[in-house]
Every structure is written in C-alpha cells, then in structure tokens.
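Asker: need the 3D shape of this:
(chains A and B)
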Protein chains: 2
Amino acid sequence: LTSVLLNNLRVVLVAARNPLNIGAAARAMSNFGALRLRVVNPYSIAFREARSAVGAADLLASAEEFATLPGAVADCSLVIGTTALQHRELQHPLHRLEKGAELVRGALESGKVAIVFGSEKRGLSNDDLSHCHWLMRIPTRETHRSMNLGQSVAVCLYELAREGRATTSPEKPLAPSGDLERITQLLVESLKASGYIKRGSEMATEEKLRRLVRRLNLSSEDAEVMQGMLRKIAWKLRKE
Amino acid sequence: LTSVLLNNLRVVLVAARNPLNIGAAARAMSNFGALRLRVVNPYSIAFREARSAVGAADLLASAEEFATLPGAVADCSLVIGTTALQHRELQHPLHRLEKGAELVRGALESGKVAIVFGSEKRGLSNDDLSHCHWLMRIPTRETHRSMNLGQSVAVCLYELAREGRATTSPEKPLAPSGDLERITQLLVESLKASGYIKRGSEMATEEKLRRLVRRLNLSSEDAEVMQGMLRKIAWKLRKE
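Answerer: Predicted structure coming up:
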C-alpha cells in the first residue's frame, strides 16, 4: 500500500481508556505507515500519557480529537467498525479481516476510509456501529475472541499493508458520512411527520435507519440527489 | 491452521522484561490458538506478574521455562528468529512474514517449529540468531521498523492462522425487481406531490430514479422496509 493511499486512512479510537493501549495503537500505526489518528472522547489523562509511545510522538501530537463518532467520520466515505462478535442481530455485513482489508484498499483509491476501534472493555456500542457501513473481525478463536486493542490495531494495519495483489476496479467515489447522516436525519424527520415512526420508538428506529442508509453504498452523486429529494419531501410535510 | 498443527508450534520469548508484554504475547497466542509458550531466562518477577493476562492464565501457567535458548528449542526441527533488522552480515536467509509463515505451515506438518522473539530492548543477540535456521521480519516501515513485542507476536500468529482464500459471509438475497419498481413508483409519487418533479420532466426524472433505486443493491428485507416507509410518506402527502 503506498503512502499516498495510506494518507486516506483514518484510524479512529472510540473512548479508549488505557494510555498504554493508545500508545501501542499509535506505535503500530507508525510501524505500518498509517499516520492519521483520530480519537473520540478519550479519557484525557490517558490520551496525554500515551504521548510517550516509542517512536510515535509526532503521530500522537498530530492526532485529532472529536467529541462524537459522527464528527470523527464526517469526511470519510467508508466507515468500518471492528468487532470481536458476530452481531447477527444488527444485519450489518461482517467480513473477515482478509476480505475486509481488500475492500478497504479498493476504497482508499477514491476517498477517505475510517477504521473504528471501540473501548477496551465494551468495544463499539450499537449506536457506534450504526454509523458504520460494515463490520470487520479478526479471525480469532471461538473460545477467546476478544483481542487487546493495540494488538488488533497492529493486526488490521499489517493485513492492510500486506503484500498480495489485491486489485479492484476503481469504483465511483462514495458519499462522505456527513452526507449519509444528513440523509438519515431527513428520513427520520419525514417518517415522524408521516406517522411511520411512533412516539417511544424513535431511538431504535433511527439506529435501524442509519444502518440501512449505510448499506446502500451511495456514491457522492447519488447521495446528493437523495438529499435533494428528501429535503423537498420533508419541507412539504412540514408545511402542513 | 488446525489445532493439531498449532500444537507443534512453540512461541519462544527470550529475556522478556515487561510483564505486560509477556501477558500480551500470551493473550495473542490464546486468540489465535497457539497454546505452547516457552520462556528463556525471563525476569522472573515479570513472568509471575504476567500471569494475569486476560484470558491467558492457563497458557501462562503451563508455560515452560528454560535457562538457555538452545535448551528451549532442542526438540524443534525448525527454529525461526524474528527481527526488525536486515542482518545482512549474518548471511541468514531472511523472509518477509508472508513467505515465512507459508514455510512454517509446511514445516508444522512434520515436526515442532519454534518462533523466537527477542527482548524488548535489544531483540535477539547474534548468539541467539545463530541457533535459528532462518529469520523472519514483519514488513514495517524503513523509518520505524521496531515493533512492540506483544504486537509482533500477534501479527506473526495472525499471518500463520490467516486464511488464504478470503471468504465472506454469504450475502443476503437481493430484492426482486418488482419490489424495486414499487419503490420507484412510490418515490415518483411522493416527489411529484412535494414539487420536486416539475411538470414536463416526469419521464426523464422517473428514469433517473429507476436507475438510482437499482444502484442501491437492496436486499429483500431492506426493500420491504423501504416500501413501508415510502408508502407512509406518500399516503401522508396524498392526504393534504
């Protein structure tokens, strides 16, 4: 993987707690040439302490901090959640790392890609996952699935950088997550106005819709058309 | 890699200093099903403290301790040293991990194989390396080669366990065209009602929408949800 492509990659750590893990993640990123770290709502002391990670001081100093996951991935056209579980109930496509990395390499050709790692204790929440296009898991043993955070970052980046021709035909540039989120919100608004979303079930429905919108694999162009249509519909429903 | 083959693998840590690293190595071993750890001359306090590694207590309890590297690899028919450097002067064959792991998999079929990791500070000494058949390196960046011990164990074992052919979870059945057409028509109706589609441009817009809906690659399930939502929106707009 060339450094130009890796420059499109964002490693996103959500609510990481342990400075050693943040440091280890940063070191692995530096080892494999993925230099753009984003942290969401880290325990701030942990984040500051992590800065001593061997050889990764620059990378940590230039890390970007965000209050929320949607903020951290707004400019990314592909957002991938990492998980140790199967999450069958979520209806998210789940790829093994070997296949997932191949898809990521393809997507890096046309836009920014975020790989998102959850906190050490709890991984990514369902809400976090609803911001992802699909999920990726490292093929660990059934009886001991959950990996250490720093190690799973290392393994994911190794597989990404791994040699092995994996060429994919260039796809149309995918829509940035910010656009997908706007589509989701317009849809939520219209569905509330039309009575599809019942009071009390807003949160669950919103999460489902968010996942559905991410499954559509919208190109930038289609996402713009979609926003235009939904804006008009929402406006009309509001006018009543 | 089957557990029978992995049973022939020995992960050997030489003079590891940091209990966290020993613990992390053990955890990664457990994650990937390599359960036989050997430690050479570890700092004994470090070794005892490491035993708390998440999910790897059994593995650490059954680890074998040796005073010297030759003792630790005496029963192994292939001994591989890991290194971040090039060691050109050593005239040892040096393989990238991708190739090295392939050779290891082959050798595990016929006998015990040891993969040897050096201490955090200094790696393997020239004397240690002289006990190895060949060397293996993880393809890290020229400018930041040296990996954390626990992470390099994780990456090596991942590559060993890695599946050649990337398999994906079976895809969901796609929606029949009839459903896609119903979605298209509901969309057209709502967009007319909202004023998005101007009189005179109905045909062209409908065609564009039809193509857009087909590009979404909707699963049967998602197509049904989509129809439900659009039906509700169209009904509400019609009521005005």
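Asker: all helices of chain A, in order?
Answerer: Under the criterion DSSP state H, chain A carries helices at the ranges A:3-6, A:19-32, A:44-50, A:57-61, A:69-73, A:97-108, A:126-129, A:149-161, A:177-193, A:202-215, A:220-239.
Asker: between those helices, which gets nearest to B:S152?
Answerer: Closest to B:S152 of the helices of chain A, according to CB to CB: helix A:149-161, at 7.9 Å. The C-beta positions use only the backbone N, C-alpha and C, and glycine is treated the same way.
Asker: pLDDT of the closest one, averaged?
Answerer: For helix A:149-161, the mean per-residue pLDDT is 96.
Asker: follow-up on the earlier one: what's the least confident stretch among the helices of chain A?
Answerer: It's helix A:44-50: among these, that one has the lowest mean pLDDT, namely a mean of 71.
Asker: for the residue sitting nearest the centre point of chain A, give me its contacts.
Answerer: What sits nearest the mean C-alpha location of chain A, by CA atoms, centre = their mean, is A:V79, with 3.2 Å. Counting by CB atoms under 8 Å, 6 or more residues apart in numbering or on different chains, A:V79 makes contact with A:73, A:113-114, A:116, A:131-133, A:177, A:214.
Asker: let's go with 7 Å and repeat that
Answerer: A:73, A:114, A:116, A:131-133, A:177 (CB atoms under 7 Å, 6 or more residues apart in numbering or on different chains).
Asker: that older thread, need the helices of chain A in a markdown table with mean neighbour count and distance to chain B, can you?
Answerer: Putting these into a markdown table (neighbours: other CB atoms under 10 Å in any protein chain shown; distance: least, CB to the nearest CB, whole Å) gives the following:
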| stretch | mean neighbour count | distance to chain B |
| --- | --- | --- |
| helix A:3-6 | 14 | 9 |
| helix A:19-32 | 26 | 4 |
| helix A:44-50 | 16 | 13 |
| helix A:57-61 | 16 | 9 |
| helix A:69-73 | 24 | 21 |
| helix A:97-108 | 22 | 4 |
| helix A:126-129 | 18 | 16 |
| helix A:149-161 | 26 | 4 |
| helix A:177-193 | 21 | 6 |
| helix A:202-215 | 18 | 6 |
| helix A:220-239 | 18 | 4 |
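Asker: out of those helices, which comes closest to B:A61?
Answerer: Across the helices of chain A (criterion: CB to CB), the nearest stretch is helix A:149-161, sitting at 21.1 Å.
Asker: what's the closest one packed up against?
Answerer: helix A:19-32, helix A:97-108, strand A:113-117, helix B:149-161 (3 or more CB pairs under 7 Å, 6 or more residues apart in numbering or on different chains; DSSP states H and E).
Asker: between the contacts of A:V79, which sits nearest chain B?
Answerer: A:H133 (12.4 Å; CB to the nearest CB).
Asker: local confidence estimate at that closest one?
Answerer: Note on A:H133: pLDDT of 91.
Asker: residues in contact with it?
Answerer: A:78-80, A:214.
Asker: picking that back up, bridge partners for the residue nearest to the centre of chain A, pull those for me.
Answerer: Here A:V79 sits in beta bridges with A:A114, going by DSSP bridges.
Asker: what about the closest residue in space to A:N31 that isn't next to it in sequence, how many neighbours?
Answerer: Excluding the flanking residues, the one nearest A:N31 by CB to CB, 6 or more residues apart in numbering or on different chains is B:T140, at 4.2 Å. Using other CB atoms under 10 Å in any protein chain shown, B:T140 has 23 other residues around it.
Asker: just checking, B:T140 touches B:M147?
Answerer: Yes - between B:T140 and B:M147 there is a contact under CB atoms under 7 Å: 6.1 Å.
Asker: what touches both of the two?
Answerer: With CB under 7 Å, 6+ apart as the test, B:T140 and B:M147 both reach A:31, B:84.
Asker: outside of stretch A:211-223 itself, list whatever touches it.
Answerer: A:90-92, A:130, A:132-133, A:172-175, A:179-180, A:183-184, A:226, B:212, B:215-217, B:222, B:225.
Asker: thinking again about what came up before, turn the helices and strands packed on helix A:149-161 into CSV, including distance to A:K236.
Answerer: Output for the helices and strands packed on helix A:149-161, formatted as CSV (distance: least, CB to CB, whole Å):
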stretch, distance to A:K236
helix A:19-32, 47
helix A:97-108, 35
strand A:113-117, 34
helix B:149-161, 53
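Asker: closest one to A:N8 among the ones you listed?
Answerer: Judging these by CB to CB, what sits closest to A:N8 is helix A:97-108, at 4.7 Å.
Asker: which elements pack onto that closest one?
Answerer: strand A:78-82, strand A:134-137, helix A:149-161.
Asker: these into a markdown table, with extra columns for distance to B:F66?
Answerer: Output for the helices and strands packed on helix A:97-108, formatted as a markdown table (distance: least, CB to CB, whole Å):
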| stretch | distance to B:F66 |
| --- | --- |
| strand A:78-82 | 36 |
| strand A:134-137 | 35 |
| helix A:149-161 | 25 |
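Asker: so which of those gets nearest A:A24?
Answerer: helix A:149-161 (2.7 Å).
Asker: CA-only coordinates of that closest one in CSV, if you can.
Answerer: Extracted in CSV, the C-alpha atoms of helix A:149-161 (Å, rounded to 0.1, in the frame of the first residue of the first chain):
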residue,chain,number,x,y,z
LEU,A,149,-6.7,-3.0,21.5
GLY,A,150,-3.2,-2.3,20.5
GLN,A,151,-2.7,-5.8,19.0
SER,A,152,-5.9,-5.6,17.0
VAL,A,153,-4.8,-2.3,15.5
ALA,A,154,-1.5,-3.8,14.6
VAL,A,155,-3.0,-6.9,13.0
CYS,A,156,-5.5,-4.8,11.0
LEU,A,157,-2.8,-2.5,9.7
TYR,A,158,-0.5,-5.4,8.9
GLU,A,159,-3.2,-7.0,6.8
LEU,A,160,-3.8,-3.7,5.0
ALA,A,161,-0.2,-3.3,4.2
